[in-house]
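>>> Here is a sequence together with a model predicted from it:
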Amino acid sequence: MKRKLVIVLLLLFAISFASAQLSGLENQIEDVSGNLEGNVTKIREITERDKWDFIGSQWKELLLKNKAVAGIDAFFTKINIVFVVLFAHDWDFSLGLLFVFLIWLFTLLSFVTYARLKFDNGWTVFLVSLGATLVFAHARIFNYLSNGAVKVFLYKPSAGWRLLILAVEILALFAYLKLNQFISKNLKKAKEKRKKELLEEKVESTERFQKNMVKTAKEVMDVS
């Protein structure tokens, strides 16, 4: 129950985070686009990477005008090493880091379901799952997936498009978690079935041994 509550709160944060971006980004780009319309040549020289950096900087600048948001940004900037260790990503008030965090979280929860097949201790399960998640993070897998998610999210300036894509990407994360839970559940059933089969084989072996012992004892007594 607690884990589900945490996930719901994180998703609410993600939606509010994206909504803030949607409310201000349109106006920011419209203002800037008016200044760029007379310079078609310059626009054509902008690379794909520059385009995404430009779009991201507009909504980031807007959000950081809020004192509370600026305070959070300053605090996380000071503890940047935590983000580097956990997510292999520097702290940055960006959609990219938000998606990295969400993918990281759902991967951790997925690994927990597998670790429980092997370990009973809660701390052991958590540490093993965290270790596996960190390996994936530092392999830059989460960053790669996040970059793709952000590009799809920002592909069209329409607010409807972005809310739709955000919903689809969050549903994809839930499907990813549910798939891993389904796989781990079936692995658990297979493990329990095999354990039961081994126990039955052991019981049958013990019974055969006892019968042979009784038979041998009777034969010895008959000879005597």
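Yes, it's here.
>>> which other helices and strands contact the helix ranked longest in the chain?
Determined from DSSP state H, the single longest helix within the chain is helix 159-223. Packed against helix 159-223, as judged by 3 or more CB pairs under 8 Å, 6 or more residues apart in numbering; DSSP states H and E, are the following elements: helix 2-36, helix 95-115, helix 141-153. Glycine gets a C-beta too; all of them are placed from N, C-alpha and C.
>>> and that helix with helix 141-153, angle?
Helix 159-223 and helix 141-153 are oriented at 140 degrees to each other (axes from the mean of the first three to the mean of the last three CA atoms, to 10 degrees).
>>> average pLDDT across helix 159-223?
The average pLDDT within helix 159-223 is 80.
>>> ditto for stretch 94-110
Averaged over stretch 94-110, pLDDT sits at 93.
>>> list the contacts for the closest residue to residue 147 other than its chain neighbours?
Taking CB to CB, 6 or more residues apart in numbering, and ignoring the residues beside it in sequence, residue 147 has residue 96 as its nearest neighbour in space, at 6.6 Å. For residue 96, the contacting residues are 56, 89, 143, 146-147, 150, by CB atoms under 8 Å, 6 or more residues apart in numbering.
>>> list the buried ones in stretch 181-194?
When burial is assessed from 16 or more other CB atoms under 10 Å, stretch 181-194 yields the following buried residues: residue 184.
>>> ditto for stretch 156-167
Taking 16+ other CB under 10 Å as the neighbour-count basis, stretch 156-167 is seen to contain the buried residues 162, 165-166.
>>> which ones are touching the nearest residue to residue 102 once chain neighbours are set aside?
If the residues on either side of it in the chain are set aside, residue 102 comes closest to residue 173, at 5.9 Å by CB to CB, 6+ apart. With contacts defined as CB under 8 Å, 6+ apart, the neighbours of residue 173 are 102-103, 106.
>>> how about CSV for those, with distance to residue 117 and neighbour count added?
Putting the contacts of residue 173 into CSV (distance: CB to CB, whole Å; neighbours: other CB atoms under 10 Å) gives the following:
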residue, distance to residue 117, neighbour count
102, 25, 22
103, 22, 25
106, 18, 22
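>>> now residue 198: how far from residue 67?
The span separating residue 198 from residue 67 equals 64 Å under the rule CB to CB, to the nearest Å.
>>> do residue 80 as well
Residue 80 sits 21 Å away from residue 67, going by CB to CB.
>>> sec struct for residue 120, please.
Reducing the assignment at residue 120 to three states with DSSP: H, G, I helix; E, B strand; the rest coil gives coil.
>>> Look up phi and psi at it.
Dihedral pair for residue 120: phi -100, psi -30, per degrees, to the nearest 10.
>>> Tell me the confidence at it?
Residue 120 carries a pLDDT score of 87 in this model.
>>> Now for it, how many residues are close by?
With neighbours defined by other CB atoms under 10 Å, the count for residue 120 comes to 7.
>>> try residue 133
23.
>>> show me the contacts for it.
For residue 133, the residues meeting the contact criterion (CB under 8 Å, 6+ apart) are 104, 107-108, 111.
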